[in-house]
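In: The following comprises the amino acid sequence and a computationally predicted model.
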Amino acid sequence: MAKAYLDIKLTIEGIDRAGVTAVYNLYKDPFLESVKGAISNELLVHVEDVRIFHGFESLEDAQLYLLSKFFNIDFITSLKPYIIGNPNVRIYEVA
């Protein structure tokens, strides 16, 4: 069971859902296989925004992921053509 969740909210144009979904699918397995403490990954798609929930074994694992090359260079850079503005990122700890 996850002890922390990373919630990434991306504002998009409706037509860009397919692009965001393609990027998500490209990085889903590498995230789960290579990121320390990663245990789940879900994509929620809406006309106005997309939310990606990453589950982690600990709050520290989620915080480290936000500082990683994988998140900042690979994942977020690949999403840039499809999103409006910057991602809204929050970390939640399970109580």
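Out: It's in. Not measured: the values here are computed from a predicted model. Residues are numbered from 1 along each chain as shown.

In: measure the closest residue to residue 57 other than its chain neighbours to residue 21 for me?
Out: Sequence neighbours aside, residue 37 is the residue nearest to residue 57 in space, at 3.9 Å (criterion: CB to CB, 6 or more residues apart in numbering). For every residue, glycine as well, the C-beta is placed using N, CA and C. Look at residue 37 and residue 21: by CB to CB, to the nearest Å, they are 25 Å apart.

In: Compare these two and say which is more crowded by neighbours.
Out: Taking neighbours as other CB atoms under 10 Å, residue 37 and residue 21 compare with residue 37 leading, 18 against 14.

In: and the residue nearest to residue 17 when sequence neighbours are not counted, bridged to which residues?
Out: Closest residue in space to residue 17, ignoring its immediate chain neighbours: residue 45 at 5.4 Å, by CB to CB, 6+ apart. Listed beta-bridge partners, residue 45: residue 50 (assigned using DSSP bridges).

In: Tell me the confidence at residue 45?
Out: pLDDT for residue 45: 88.

In: Tally up the residues packed near it, please.
Out: 15.

In: same check, this time on residue 81
Out: 10.

In: Report all helices and strands that the longest helix seen in the chain contacts.
Out: For the chain, the helix with the greatest residue count under DSSP state H is helix 17-34. Packed against helix 17-34 by the contact rule (3 or more CB pairs under 8 Å, 6 or more residues apart in numbering; DSSP states H and E) you find strand 38-45, strand 49-56, helix 76-79.

In: switch to 10 Å and redo it
Out: Other elements packing on helix 17-34 under the criterion 3 or more CB pairs under 10 Å, 6 or more residues apart in numbering; DSSP states H and E are strand 4-12, strand 38-45, strand 49-56, helix 76-79, strand 83-93.

In: could you redo those as TSV and give each row distance to residue 32?
Out: Formatted as TSV, those follow (distance: least, CB to CB, whole Å):
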stretch	distance to residue 32
strand 4-12	13
strand 38-45	5
strand 49-56	9
helix 76-79	17
strand 83-93	18
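
In: Need the winner for burial among these.
Out: Highest mean neighbour count of those: strand 49-56, a mean of 21 (counted as mean count of other CB atoms under 10 Å).
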